[in-house]
Every structure is written in C-alpha cells, then in structure tokens.
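S.K.: build me a model from this:
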Amino acid sequence: QVQFVESGGGLVQPGGSLRLSCVVSGFSFSSYAMSWYRQAPGKKRELVAGINSGGGVTTYADSVKGRFTISRDDAENTVYLQMNSLKPEETAVYYCNGGFATPLWRGDDYWGQGTQVTVSS
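M.R.: Numbering: from 1, shown residues only. Okay, the predicted model is just below:
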C-alpha cells in the first residue's frame, strides 16, 4: 500500500528555515521521481518542487527558486525539502507524492496527512 508520511513542519518566523521530510512506503522509491506540493487555506494544491529518480534533475515553482532545495535519500526512502527565507504567504500544509511535477497517486486516500508550515511573527 502506497503511503507518504510527512514531517518537519512547525511555526517559524519570516525569514526562517525548516527542513521537511517525507518517508515513503509501498513502491520502489528509488525508481520514481518525487515532488513536494502545498495547499494553503482556500487555495488549490500547488507544486513546490520535484526531483527525478536519479536525483540529478530538479524543478521548482518560480516563487521558491533559490530558497528551497529538494533532495532524496534512496537508502532511507525519504525525500526532503529544505526551505529557507520563508515568507508568511508560504503558510500551508505541505505534502509529497510520487512523480515529477505531477502526482502519480491522486486519490484522496493516497495523500498523506501533510505537515503544517506556519510562517508568522
């Protein structure tokens, strides 16, 4: 069964940093691209960053380029999102999913619980 377990969120001041983690199970992690998404209250879920199966190709939303870094550890079945210089408008629930910029497992039952990131002073 495909499962995504996100962690690492919290309350951070504007300009601060957080590192999110997503542990994956239920499929061959190393063979799949992975992506991070976020959903703010009242808004649609949006792509934040993606990384290919080899880890050598990444993509980022324009709004986070230069501040966020996606990475992966295939030995730990984990994908990370390092977020620096956070802004209040980036307050959202952050999720991971398989696929490069397009979620492979789209049903509500597949998405994890996400991890809440709140950027506020």
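
S.K.: so what pairs up with the most centrally placed residue in the chain in the strands?
M.R.: By CA atoms, centre = their mean, the chain has its centre lying nearest to residue 36, at 2.6 Å. Taking DSSP bridges as the rule, residue 36 bridges to residue 49, residue 96.

S.K.: next: residue 83.
M.R.: Counting by DSSP bridges, residue 83 is bridged to residue 18, residue 68.

S.K.: I figured it hits residue 15, correct?
M.R.: No - using CB atoms under 8 Å, residue 83 makes no contact with residue 15, being 11.2 Å away. Any C-beta I mention is one placed from the backbone N, CA and C, and that applies to glycine too.

S.K.: can you map out the helices along this protein?
M.R.: For the chain, no helices are identified by DSSP state H.

S.K.: rewinding a little: so between residue 83 and residue 15, which is more surrounded?
M.R.: In this comparison of residue 83 against residue 15, neighbours counted by other CB atoms under 10 Å, the higher total goes to residue 83 at 27 against 11.

S.K.: how close does that one get to residue 4?
M.R.: From residue 83 across to residue 4, the span is 18 Å (CB to CB, to the nearest Å).

S.K.: and if you look at residue 42?
M.R.: According to CB to CB, residue 42 and residue 4 sit 23 Å apart.

S.K.: neighbour count winner among the two?
M.R.: Legend: neighbour count by other CB under 10 Å for residue 42 and residue 4, higher for residue 4 (21 against 5).

S.K.: test my guess that that one contacts residue 111.
M.R.: Yes - contact criterion CB under 8 Å: residue 4 and residue 111 qualify, at 6.9 Å.

S.K.: give me the common contacts of those two.
M.R.: Residues touching both residue 4 and residue 111 by CB atoms under 8 Å, 6 or more residues apart in numbering: 95, 97.
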